[in-house]
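Chemist: Pasting a predicted model and its sequence here:
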Amino acid sequence: MRRKYFALFLLFILVTIISYSCSSQVEEEHTEQEIEKFKLVSEIKSDNNSPFYVNLNNYPSYRKNLPIGIFDSGTGGLTVLDAVIKMDRFDNRTHEQGSDGIPDFISEKFIYLGDRANMPYGRYPSEGKTDFLKELIIKDVRFLLSDKYFLNPEHKIPRGKKSPVKAVVIACNTATAYGFELIEQITERWGLDIKTLGIIESGAKEAVETTPLSEKEMIGIFATEGTCDSGGYVRALKKFCDKKNHKEIKVVQQPCFGLAGAIDGDPAYITYYPEKNREPEIYQGPGIGHPKYPIDLSLWKEYKFEHGSQLLVKKDKNKNIRKVEINSIGNYIKYYITSLVTKALKEQVDCIHSVILGCTHYALFKQEFKEHFFYLRSIDEKYKELIPKDLVIIDPAESEAANLYLHLRENNLFGKNKNQESQFFLSVPNPLLKELNFNSRGEFPIDYKYGRSINQSVFYVKRIPLTKDLLSSDLCFKLENHYPDLYRLLFGLY
């Protein structure tokens, strides 16, 4: 009898091993098929006739004094950089946990890239362009690994010199959701032991650690459409719940269509010259009758929109509102918070304990998020019960900064540089494109931006140095007044 049970046990072990082996093989084959979609991967590594070729065979082997690379779909990733340069969680002499009054990354320099010409990344999946989004992510990483950049958009070849990087930080939630594992696998194929860090798991871990155990406690997620559709945060939250033997926490996602674009000044979502309501093909944001993001006039009090140029309203002869266009970052935030809260009421949760700002752009306006939540608390008892006084608003950037520090410690990669040696870049449409698909502001029209396909081997955009004139006045004001250290670093005001 014992022999029989022992034989069954051995059979079970054998089946488990075979099953795991087959599963790993299928996963590996799937990975290979995914990478093979993009001819860019082999062009970067092997085709020196390609405009994207990088001589990775000569990639620096001594990397301590290389910069840290950070990329985002636009300027929102600057909040991650700000969290990095401010962090003081460790002792710089021992590298152990504990503040020493000195910024942890004081001896590091950075390369920052914002792919603003192609943003918002969160819209590509809903437009059926997930592969094109992944190709954009590969191009972002390729730029960080390369040693050249364009001094200005008119140049045919890149003439600027930059350093390759010792680690890649994905500051964009959508890019993390769709590209993190892909980039890990591609850099391995290229033979580079370059660490890639993503932002989603950092935010999810903090949310689980700060949320009480209760089926009625809710975590809210504000993110782009693409991040929400990917399920990245939902999966990560479940994983950390399982690790801590938590009951699965209630999660409500709120896609914030157009908010990241508005923060970066995309005219599809915001205009600084609001003479009148724009045509539907120009304005893309929420509105009355919008199929996915309708403005509900019964919630007018809850929205508490700022009026004037910040809200373009059209009324009929009886003074009834017929058309509304949101035209300020603050009003976008008010709309989406109200949408999340009304969803929570419908799902009968007891408390929105914490919310994750699941797009780096949103952290620039953390105070505006907090203020509207507390406004809703003040106008109705049902909102007061739902929104606690100690509502936790989570910016995953701080957790990602800590993970970056631990990586440098574990791999003995601390540098001897200065933050001031950092470089910052934004992408702009390539004016030398044959198609010349630009609008009057020199930007890609919506139908062209989301109509492109992979494997074209063309510079749709050029990465050029970030200068103040490339940023909106609102963003410059926000950086100067709320992120002064980052502002000085960006513009050399030491």
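Modeler: Everything's here; your move. Numbering: from 1, shown residues only.
Chemist: what about Phe424, which SS state?
Modeler: Local secondary structure at Phe424 is given as strand here, using DSSP: H, G, I helix; E, B strand; the rest coil.
Chemist: Just give the closest residue to it, not the sequence neighbours.
Modeler: Taking Cβ to Cβ, 6 or more residues apart in numbering, and ignoring the residues beside it in sequence, Phe424 has Leu466 as its nearest neighbour in space, at 4.0 Å. Glycine gets a C-beta too; all of them are placed from N, C-alpha and C.
Chemist: mind listing what the one you found touches?
Modeler: Residues counted as contacts of Leu466 (Cβ atoms under 8 Å, 6 or more residues apart in numbering) are Tyr112, Gly114, Phe424, Phe425, Leu426, Leu490.
Chemist: what does Ser230 give?
Modeler: Counting by Cβ under 8 Å, 6+ apart, the residues that Ser230 touches are Pro125, Thr174, Ala177, Tyr178.
Chemist: again with Leu197
Modeler: For Leu197, the contacting residues are Ala167, Val168, Val169, Ile170, Glu400, Asn403, Leu404, His407, taking Cβ under 8 Å, 6+ apart as the criterion.
Chemist: Could you list which of the residues you listed belong to helices?
Modeler: Of the positions in these, Glu400, Asn403, Leu404, His407 sit in helices, assigned by DSSP state H.
Chemist: I'd like the residues you listed as a markdown table, with pLDDT appended.
Modeler: As requested, the ones in helices among the contacts of Leu197 are exported to a markdown table (pLDDT from 0 to 100):
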| residue | pLDDT |
| --- | --- |
| Glu400 | 92 |
| Asn403 | 91 |
| Leu404 | 96 |
| His407 | 96 |
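Chemist: okay, these in CSV with distance to Lys162 next?
Modeler: Formatted as CSV, the entries for these read as follows, by distance: Cβ to Cβ, whole Å:
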residue, distance to Lys162
Glu400, 23
Asn403, 25
Leu404, 20
His407, 22
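Chemist: residues making contact with stretch 470-483?
Modeler: By Cβ under 8 Å, 6+ apart, the residues outside stretch 470-483 that reach it are 75, 78-79, 82, 116, 263-265, 272, 329, 364-365, 367, 426, 428, 468, 486-487, 490.
Chemist: Repeat that for stretch 91-107.
Modeler: By Cβ under 8 Å, 6+ apart, the residues outside stretch 91-107 that reach it are 68, 84-90, 401, 405, 409, 414-419.
Chemist: what bits of the stretch 151-300 of the chain have low per-residue confidence?
Modeler: For the stretch 151-300 of the chain, residues meeting the criterion pLDDT under 70 lie at 213-216, 274-281.
Chemist: Where do the helices of it begin and end?
Modeler: Using DSSP state H, counting those that start in this stretch, the helices of the stretch 151-300 of the chain run over residues 173-189, 200-210, 225-230, 232-243, 259-263, 300-303.
Chemist: Just list what the shortest one packs against, helices and strands only.
Modeler: Helices and strands in packing contact with helix 300-303 are listed as helix 329-346, helix 366-379; criterion 3 or more Cβ pairs under 8 Å, 6 or more residues apart in numbering; DSSP states H and E.
Chemist: quick one: which of those helices is nearest Leu192?
Modeler: Nearest to Leu192 among these is helix 366-379; the distance by Cβ to Cβ comes to 35.1 Å.
Chemist: who does that closest one touch, helix- and strand-wise?
Modeler: Counting contacts by 3+ Cβ pairs under 8 Å, 6+ apart, helix 366-379 is packed against helix 300-303, helix 329-346, strand 351-357, helix 381-386, strand 392-394.
Chemist: Looking at those, which is nearest to Ile137?
Modeler: Closest approach to Ile137 among the helices and strands packed on helix 366-379 is made by strand 351-357 (20.8 Å; Cβ to Cβ).
Chemist: mind giving me the domain split of this structure?
Modeler: Domain assignment for the chain by automatic domain parsing gives 38-199+398-491, 202-395.
Chemist: Distance to Glu32 for the ones you listed - can I get that in CSV?
Modeler: What follows is these, written out as CSV (distance: least, Cβ to Cβ, whole Å):
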stretch, distance to Glu32
domain 38-199+398-491, 9
domain 202-395, 21
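Chemist: Who are the contact partners of Tyr273?
Modeler: Remark: with contacts taken as Cβ under 8 Å, 6+ apart, Tyr273 is in contact with nothing.
Chemist: Surely Ala177 is in contact with Gly226?
Modeler: Yes. If you go by Cβ atoms under 8 Å, Ala177 and Gly226 touch, sitting 6.8 Å apart.
Chemist: circling back to that earlier point, which one of the helices and strands packed on helix 366-379 is the most hemmed in?
Modeler: The densest packing among the helices and strands packed on helix 366-379, expressed as mean neighbour count by mean count of other Cβ atoms under 10 Å, is seen in strand 351-357 with a mean of 23.
Chemist: Give me the sheet partners of it and which way each runs.
Modeler: According to DSSP bridges, strand 351-357 has the following sheet partners: strand 217-223 (parallel), strand 392-394 (parallel).
Chemist: what does that strand rub up against?
Modeler: Applying Cβ under 8 Å, 6+ apart, the set of residues contacting strand 351-357 from outside is 203-204, 207, 210-212, 214, 216-223, 233, 340-341, 344, 363, 366, 369, 373, 385-388, 391-396.
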